[in-house]
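Chemist: Based on what follows, work out the 3D shape:
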Amino acid sequence: MRNLLALVLALAVPALSFAQDSDTQELSRYVMTDAALTKYMSAVQRLRPVAEQISSCGDEESAESISDVAARFDRSPAARSAIQSAGLTTREYVVFTFAMFQTGLAAWAMEQPGGKLPPGVSKANVDFYRAHRAKIDAMQPLDDGCGDSAEEEEEEAEEEVPEEG
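Modeler: The predicted model follows:
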């Protein structure tokens, strides 16, 4: 889950708001499949060499929709090409990214005491996520070019937390 979060944060934007109902509906209808996961993982690998080109470091522009995030990828010919060469459109890549993130959070929530499936999240996607969790967690986050990697920032945050004694 940590790697997935790092990937989303590295590629998304500073302040993503899915206020648009059509985006929420699109995510709730999305069905995760083995084929889409394979293409997604290929796209992530192909994006590694160009990840800095799509970074949102210091970017004042915030995305308001899935289309806005896809447009960020489209503005980089190298990023667009990397995603398309894996068999996805930039929009499909973004939708899969956010569906996977949403599903991962739902799977985690359901594992908590008293946890239930959140509204708008597909149980089939949660089952898919759980079945493929090892593969998803093994994905290495992309370097966003913003300085510290997400793993380094997480380690630093853990070091700052005072231990109970």
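Chemist: how far away is Val69 from Leu117?
Modeler: The gap separating Val69 from Leu117 is 25 Å, by Cβ to Cβ, to the nearest Å. Bear in mind the C-beta positions are built from the backbone N, C-alpha and C, glycine included.
Chemist: Settle it for me: which of these two has more neighbours?
Modeler: Set Val69 next to Leu117 and count neighbours by other Cβ atoms under 10 Å: Val69 wins out with 26 against 13.
Chemist: Quick check: which element contains the more buried one?
Modeler: In the assignment (DSSP states H and E), Val69 maps to helix 66-74.
Chemist: What residues sit buried inside that helix?
Modeler: Neighbour-count burial for helix 66-74, counted by 16 or more other Cβ atoms under 10 Å, picks out 66, 68-70, 72-74.
Chemist: Neighbours of Met32, how many?
Modeler: Neighbourhood size, Met32 [other Cβ under 10 Å]: 21.
Chemist: so it touches Gln102, yeah?
Modeler: No. Using Cβ atoms under 8 Å as the test, Met32 is too far from Gln102 to be in contact (10.4 Å).
Chemist: give me every residue that touches Leu117.
Modeler: Taking Cβ atoms under 8 Å, 6 or more residues apart in numbering, we find Leu117 in contact with 106, 110, 123, 126.
Chemist: Kindly report the same for Glu26.
Modeler: Contact analysis of Glu26 by Cβ under 8 Å, 6+ apart lists 66, 95.
Chemist: if I look at it, how far off is Val94?
Modeler: Separation of Glu26 from Val94 (Cβ to Cβ): 10 Å.
Chemist: okay, and the common contacts of the two?
Modeler: Counting by Cβ under 8 Å, 6+ apart, the common neighbours of Glu26 and Val94 are Ile66.
Chemist: Next one, pLDDT for Ala70 please.
Modeler: Confidence at Ala70, expressed as pLDDT, is 92.
Chemist: pLDDT weak spots in this protein?
Modeler: In the predicted model, the chain carries pLDDT under 70 at residues 1-20, 55-62, 142-165.
Chemist: could you redo the last one with a cut-off of 80?
Modeler: Residue ranges of the chain with pLDDT under 80: 1-20, 52-63, 140-165.
Chemist: remind me, longest helix of it?
Modeler: helix 90-111 (DSSP state H).
Chemist: Can you check what angle separates the very next helix or strand once past that one from helix 90-111?
Modeler: As assigned by DSSP H and E, the chain's next helix or strand after helix 90-111 is helix 123-131. Relative orientation of helix 123-131 with respect to helix 90-111: 80 degrees, computed using axes from the mean of the first three to the mean of the last three Cα atoms, to 10 degrees.
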